[in-house]
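Participant: missing the sequence, but the structure's below:
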């Protein structure tokens, strides 16, 4: 894990953070962790997004539970993989859970990360004690996937152009993100440098693009997998955003998210007012409360 990322999160989180690494056949999967409570909460970010995106909620979670945020292959500070598939991403996450121990885990997934943690729950239910799905993507909504890909590519091209201009545009975006996390100018500066480190290398951009291209290719497989699978009988909370796309698209996506909760044995669905797709950025307290509530339910048996 980059010293910049570890340093920034270490200053932001009371008690600091530690780094972890797992060798995956010659490439390294990296994460940061904080807190010592139970259960262990593992955070899985959106497509093309580094673990640093969880900075708004890590400090609050670390005061109650052990929390881990990891970078998928090629993103942030993890080494790139030769080829990305949903299967390889699920295998990486499963290996990570096995490595860090203290199972089962509360898995928190945002967008594409929400898809991945569901797949782990389907394939290895013994590893999962609870799920929090933050505006999770859904394979049945292909028009939405196309919109997400379009926006993601536009952002990535903007990042590349920004890097070509000494990263000024990227820095400006990083400053805005840091200001939303903390009022401390010194920590804001550290978060900005950490964000820049997550997009400093060509392989990081390539991995993000590869993830976005891979998602529509996996849709048919995911539809078949969902039809043949069922989430384990654990607490499942699904959070839906309300802003950031045309109303008819938002309504369809929210309906699919509600369906995930309805089909779970212990599912709950909440629509979060005034929240964009990155609910943990626009409404971090809501996501924190949801994670802690699910964590408490797992402890109550």
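Facilitator: Cool, the structure landed. Since the model is a prediction, treat every value here as computed from it, not as a measurement.
Participant: Pick out the residue closest to the middle of the protein.
Facilitator: residue 45 (1.4 Å; CA atoms, centre = their mean).
Participant: gap between the two ends of stretch 231-243?
Facilitator: Its start and end residues considered, stretch 231-243 measures 28 Å (CA to CA, to the nearest Å).
Participant: in that stretch, what's buried?
Facilitator: Within stretch 231-243, the residues scored as buried using 16 or more other CB atoms under 10 Å are 231-232, 234-242. All C-beta spots, glycine's among them, are computed from the backbone N, C-alpha and C.
Participant: can you put those in a markdown table and add distance to residue 286, secondary structure and pLDDT?
Facilitator: Written out in a markdown table, the entries for the buried residues of stretch 231-243 read as follows (distance: CB to CB, whole Å; DSSP: H, G, I helix; E, B strand; the rest coil; pLDDT from 0 to 100):
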| residue | distance to residue 286 | secondary structure | pLDDT |
| --- | --- | --- | --- |
| 231 | 22 | coil | 94 |
| 232 | 24 | coil | 94 |
| 234 | 21 | coil | 96 |
| 235 | 16 | strand | 97 |
| 236 | 16 | strand | 98 |
| 237 | 11 | strand | 98 |
| 238 | 12 | strand | 98 |
| 239 | 7 | strand | 98 |
| 240 | 11 | strand | 97 |
| 241 | 10 | coil | 96 |
| 242 | 12 | coil | 95 |
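Participant: And the furthest pair within those residues?
Facilitator: 232 and 242 (28.9 Å; CB to CB).
Participant: And the helices in the chain?
Facilitator: 3-12, 58-62, 86-100, 112-123, 142-164, 168-181, 185-197, 202-227, 247-263, 279-282, 284-299 (DSSP state H).
Participant: From the contact counts, what lies against the longest one?
Facilitator: Spelled out, it's helix 202-227. For helix 202-227, the helices and strands in contact under the criterion 3 or more CB pairs under 8 Å, 6 or more residues apart in numbering; DSSP states H and E are helix 86-100, helix 112-123, helix 142-164.
Participant: Where among these is average confidence lowest?
Facilitator: When these are compared on mean pLDDT, helix 142-164 scores lowest, with a mean of 51.
Participant: hang on, the earlier thing: got the contact list for the residue nearest to the centre of the chain?
Facilitator: The contact partners of residue 45, by CB atoms under 8 Å, 6 or more residues apart in numbering, come to 51, 53-54, 69, 72, 75, 110-111, 113.
Participant: how about it, phi and psi?
Facilitator: The phi/psi pair for residue 45 (degrees, to the nearest 10) reads phi -80, psi 180.
Participant: how near is it to residue 208?
Facilitator: Going from residue 45 to residue 208 by CB to CB, to the nearest Å gives 11 Å.
Participant: so who does residue 189 touch?
Facilitator: By CB under 8 Å, 6+ apart, the neighbours of residue 189 are residue 178.
Participant: Pretty sure residue 43 sits against residue 72.
Facilitator: No - under the criterion of CB atoms under 8 Å, residue 43 makes no contact with residue 72, lying 11.4 Å away.
Participant: which residue packs closest to residue 268, ignoring adjacent ones?
Facilitator: Counting by CB to CB, 6 or more residues apart in numbering, residue 268 lies nearest to residue 237, which is 4.9 Å off, once chain neighbours are set aside.
Participant: The one you found bridge partners, please.
Facilitator: residue 132, residue 268 (DSSP bridges).
Participant: For this protein, give me the ranges with low pLDDT.
Facilitator: The model of the chain has pLDDT under 70 over residues 1-2, 142-168, 301.
Participant: The nearest residue to residue 134 once chain neighbours are set aside: what's it in contact with?
Facilitator: Among residues not flanking residue 134 along the chain, residue 110 sits closest, at 4.1 Å (CB to CB, 6+ apart). Residues in contact with residue 110 (CB under 8 Å, 6+ apart) are 43-46, 49, 53, 134-136, 278-280.
Participant: do residue 300 as well
Facilitator: Applying CB under 8 Å, 6+ apart, no residues contact residue 300.
Participant: what comes up buried for stretch 33-45?
Facilitator: Under 16+ other CB under 10 Å, the buried positions of stretch 33-45 are 33-35, 37, 39-45.
Participant: export the contacts of residue 110 to a markdown table and tack on distance to residue 217?
Facilitator: As requested, the contacts of residue 110 are arranged in a markdown table below (distance: CB to CB, whole Å):
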| residue | distance to residue 217 |
| --- | --- |
| 43 | 25 |
| 44 | 20 |
| 45 | 20 |
| 46 | 18 |
| 49 | 19 |
| 53 | 24 |
| 134 | 23 |
| 135 | 22 |
| 136 | 18 |
| 278 | 24 |
| 279 | 27 |
| 280 | 27 |
